[in-house]
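S.K.: model this:
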Amino acid sequence: MERVVDVLGTKVRLVGDDGDSCIENLPPVIHEPALDYAQLALDEQAVVVDAGANLGVLTLGFAFVAAHGRVVAIEASPSTYRNLVFNVTNANLANVETINLAVDEVSGSLELFDNSWFSAGSFVKKDGLGAALHEGSVTVPAEPI
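M.R.: Take a look at the predicted model:
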C-alpha cells in the first residue's frame, strides 16, 4: 500500500504493508508539532536522532529541515524498517542513516510483537492484557543511544 503526502511542502510517496492502518489513515498534509518545532529550533546542519522512526514521516521532515546535517532513523520492527528504508531511499535523501534495532537502557535484545496491521506500534512482548491481542513475535537487537 502507498500514500502520497505533503511533508513540509514536499510531496513524498510512502509505502507500508497492505492493511496497515497507520499508512491508511495518514492525512494528505502532515501536521506534526515535532516538525513545527524542528523548523524553529534546528538549523540546516543539525543532527537529529529519530528513535522509533516508523515509516519515516518525521524522518523525512527532519531531513528536509537539516538538509546539510544528519538524521539517524532508528526502527526496531523488521517489517516497518524495510518500509522505512524504501521511503528514505525513494525520497533521495543522502543525509539519512537508518538503523534496524531497538533502543533500550542496556545492550541485549527485546522480543516484540511486530504488527503488520499497525506499523506505528511494535510492542515489547510481556505477559498481560495486550499479549492476548497479538500473535507471533520477533526478537531484535537492542542498544542504548
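S.K.: contact partners for the residue lying closest to residue 56 once chain neighbours are set aside?
M.R.: What sits nearest to residue 56 in space, not counting adjacent residues and going by C-beta to C-beta, 6 or more residues apart in numbering, is residue 87, at 4.3 Å. To be clear about C-beta, it is placed using only N, CA and C from the backbone, and glycine gets the same treatment. The neighbours of residue 87, taking C-beta atoms under 8 Å, 6 or more residues apart in numbering as the test, are 12-15, 55-56, 59-60.
S.K.: let me see the ranges of the helices in this protein.
M.R.: With helices called from DSSP state H, the chain shows them at 21-24, 33-41, 57-65, 78-90.
S.K.: return the longest one as CSV; C-alpha atoms alone will do.
M.R.: What follows is helix 78-90, C-alpha atoms only, in CSV (Å, rounded to 0.1, in the frame of the first residue of the first chain):
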residue,chain,number,x,y,z
PRO,A,78,12.0,-5.6,10.9
SER,A,79,8.9,-5.2,8.7
THR,A,80,8.5,-1.5,9.4
TYR,A,81,12.2,-0.9,9.0
ARG,A,82,12.0,-2.4,5.5
ASN,A,83,9.4,0.2,4.5
LEU,A,84,11.4,3.0,6.3
VAL,A,85,14.4,2.2,4.1
PHE,A,86,12.3,2.2,1.0
ASN,A,87,10.7,5.5,1.9
VAL,A,88,14.0,7.2,2.7
THR,A,89,15.6,5.8,-0.5
ASN,A,90,12.6,6.8,-2.6
